[in-house]
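>>> coords below, sequence missing:
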């Protein structure tokens with residue numbers, strides 16, 4: 001039936017969107033404007049970060065590298081970052097503080113190690129724990145060379161993943177090669193615990209390399225777009241796309257506020273529930289355009305499904321390493337974990353919740369976000385302005401919508417790639433596959449580090 005009427009000529013729809021905006025403001029203010037979801041507790045975050053630090057220490061054991069070697073130092077510094085995050089998240093976690101002190105010792109940073117062990121002594125929960133930590137402090141950082149004093153500290157230190165790394169060196173100092181060898185054997189057993197994760201990481205990298213190779217081959221072959229250049233433009237314009245974005249923002253705020261203030265208040269959310277605001281907001285925004293634009297079609301053309309899948313998979317393989325490296329460089333001045341899936345992953349601690357998270361993150365969210373950002377926003381901008389401007393503007397909105405300053409540039413890059421895929425293929429299937437693949441790689445890496 002052609003292009004929908006201009007925005008100012010549709011007072012009913014205009015009144016509805018203003019009413020929705022006002023309702024969103026009122027409900028959001030009433031139940032707690034931008035109230036945060038009841039996510040993982042600080043103690044849960046501390047355990048999660050400490051587990052990531054332990055993983056890097058086990059990688060060191062698995063590699064067999066000395067702490068002084070370049071590989072050993074890099075692994076220890078990665079472990080150190082996560083132990084620091086854990087200690088900042090929950091300053092009363094004694095095991096984290098002691099693990100932090102041990103890693104500082106392995107890096108030959110005595111002053112920092114003394115401070116970490118001193119804090120651990122102050123936070124000790126029992127007198128016995130305090131005595132053990134005080135003994136460790138005297139042996140590691142004092143002038144005490146009493147094996148008996150070290151044996152007093154050993155029961156607590158033996159529970160810590162970095163324990164064998166430092167305890168073997170102490171036994172060598174005491175001339176007890178047999179006990180030092182026993183600690184190194186325990187380090188090998190610690191390494192065995194991380195070996196399946198490393199195998200999984202190698203498989204992930206292999207799949208990623210295969211995807212990158214696919215993308216490179218596709219680019220070298222110069223596949224032409226198979227979209228019909230004579231296809232009609234969308235049945236909506238920029239005003240309708242703006243309306244959809246307004247609804248998307250305020251529905252997410254309202255749903256998040258309601259969840260935070262009602263049934264799940266004070267509870268750790270499972271992965272499926274934590275993404276409910278995004279799902280509801282996406283469905284609402286898409287339904288608005290679909291209902292006000294004569295049941296519009298958004299571009300899910302499946303006539304060339306296999307080519308679209310290959311193109312999306314290959315593009316994700318090329319861009320994922322670039323985005324991850326860029327994010328890693330930005331994280332060096334911010335924090336080691338900023339991906340928006342991390343808080344949800346932290347809350348989804350049981351297998352069922354994590355399975356639901358995989359389905360939502362790799363299927364539902366890519367489908368909804370591609371329909372909104374590429375199918376609605378990009379197409380509306382593309383019908384008015386050049387493809388480059390439309391791609392950049394839609395990617396900018398996509399990056400801002402993820403609300404991560406560290407991830408802003410990577411998401412901007414990803415948004416540009418997804419818009420290019422849609423322009424290239426003429427179907428949302430290609431960018432949806434790329435989006436799903438990118439989320440899948442991120443989840444797999446999180447599972448390796450935090451699992």
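Alright, I've got the coordinates. Remember, predicted model here, so these are calculated numbers, not experimental data.
>>> the helix ranked longest in the chain - contacts with which helices or strands?
If you go by DSSP state H, the chain has its longest helix at helix 177-221. With contacts taken as 3 or more Cβ pairs under 8 Å, 6 or more residues apart in numbering; DSSP states H and E, helix 177-221 sits against helix 42-63, helix 163-173, helix 305-331, helix 429-450. Every residue, glycine included, has its C-beta placed from N, CA and C.
>>> for the following helix or strand past that helix, list every residue counted as buried.
Counting by DSSP states H and E, the next helix or strand C-terminal to helix 177-221 is helix 238-261. For helix 238-261, the neighbour count (16 or more other Cβ atoms under 10 Å) marks 239-241, 243-248, 250-260 as buried.
>>> still on that earlier bit, how far is the longest helix of the chain from where the chain is centred?
How far helix 177-221 lies from its chain's middle: 20 Å, per Cα atoms, centre = their mean, to the nearest Å.
>>> now stretch 176-186
Counting by Cα atoms, centre = their mean, stretch 176-186 is centred 38 Å from the centre of its parent chain.
>>> and stretch 286-303, end to end?
End-to-end distance for stretch 286-303, by Cα to Cα, to the nearest Å: 23 Å.
>>> identify all contacting residues around that stretch.
Outside stretch 286-303, the residues that touch it by Cβ atoms under 8 Å, 6 or more residues apart in numbering are 1, 4, 13, 227, 234-236, 240-241, 243-244, 247, 308, 368, 371-372, 374-376, 379, 422, 426-429.
>>> what's the average pLDDT for that stretch?
Stretch 286-303 carries an average pLDDT of 80.
>>> returning to what we had before: make JSON lines from the helices and strands packed on helix 177-221 and add distance to residue 208 and mean neighbour count to it.
Converted to JSON lines, those look like this (distance: least, Cβ to Cβ, whole Å; neighbours: other Cβ atoms under 10 Å):
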{"stretch": "helix 42-63", "distance to residue 208": "19", "mean neighbour count": "22"}
{"stretch": "helix 163-173", "distance to residue 208": "31", "mean neighbour count": "21"}
{"stretch": "helix 305-331", "distance to residue 208": "6", "mean neighbour count": "19"}
{"stretch": "helix 429-450", "distance to residue 208": "6", "mean neighbour count": "23"}
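>>> can you say which of those is nearest to residue 126?
Among the helices and strands packed on helix 177-221, helix 42-63 comes nearest to residue 126, with 17.9 Å by Cβ to Cβ.
>>> against which helices or strands is the next helix or strand after the closest one packed?
Going down the chain from helix 42-63, the next helix or strand is helix 70-89, by DSSP H and E. Other helices and strands packing on helix 70-89, by 3+ Cβ pairs under 8 Å, 6+ apart, are helix 42-63, helix 94-106.
>>> change it to 10 Å
Applying 3 or more Cβ pairs under 10 Å, 6 or more residues apart in numbering; DSSP states H and E, one finds that helix 70-89 makes contact with helix 42-63, helix 94-106, helix 110-123, helix 163-173, helix 429-450.
>>> possible to save those as TSV with distance to residue 69 and mean pLDDT?
Below are these laid out as TSV (distance: least, Cβ to Cβ, whole Å; pLDDT from 0 to 100):
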stretch	distance to residue 69	mean pLDDT
helix 42-63	9	83
helix 94-106	12	89
helix 110-123	20	86
helix 163-173	13	82
helix 429-450	22	86
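>>> quick one: closest of those to residue 352.
helix 429-450 (15.0 Å).
>>> quick one: distance of the closest one to the chain centre.
Worked out by Cα atoms, centre = their mean, helix 429-450 lies 10 Å from the chain centre.
>>> thinking again about what came up before, buried only: go through the contacts of stretch 286-303 for me.
Counted by 16+ other Cβ under 10 Å, those give 4, 13, 227, 234-236, 240-241, 243-244, 247, 308, 368, 371-372, 374-376, 379, 422, 426-429 as buried.
>>> quick one: the helices and strands packed on helix 70-89 as CSV, columns for distance to residue 291 too.
Formatted as CSV, those follow (distance: least, Cβ to Cβ, whole Å):
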stretch, distance to residue 291
helix 42-63, 41
helix 94-106, 52
helix 110-123, 57
helix 163-173, 62
helix 429-450, 22
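>>> domain parsing for the protein?
As assigned by automatic domain parsing, the chain contains the domains 7-33+223-450, 42-193.
>>> of all these, which lies closest to residue 204?
Nearest of the domains of the chain (Cβ to Cβ): domain 7-33+223-450, 4.9 Å.
>>> where in the stretch 201-350 of the chain is pLDDT low?
For the stretch 201-350 of the chain, the stretches flagged by pLDDT under 70 are 219-232, 257-274, 294-295, 331-350.
>>> how about a cut-off of 50?
229-230, 263, 265-271, 337-338 (pLDDT under 50).
>>> surely residue 62 is in contact with residue 189?
No - judged on Cβ atoms under 10 Å, residue 62 makes no contact with residue 189 at a distance of 11.1 Å.
>>> any idea how far the helix or strand harbouring residue 283 is from the middle of the chain?
Residue 283 belongs to helix 276-292 when assigned by DSSP H and E. Relative to the chain's own centre, helix 276-292 is displaced by 24 Å; criterion: Cα atoms, centre = their mean.
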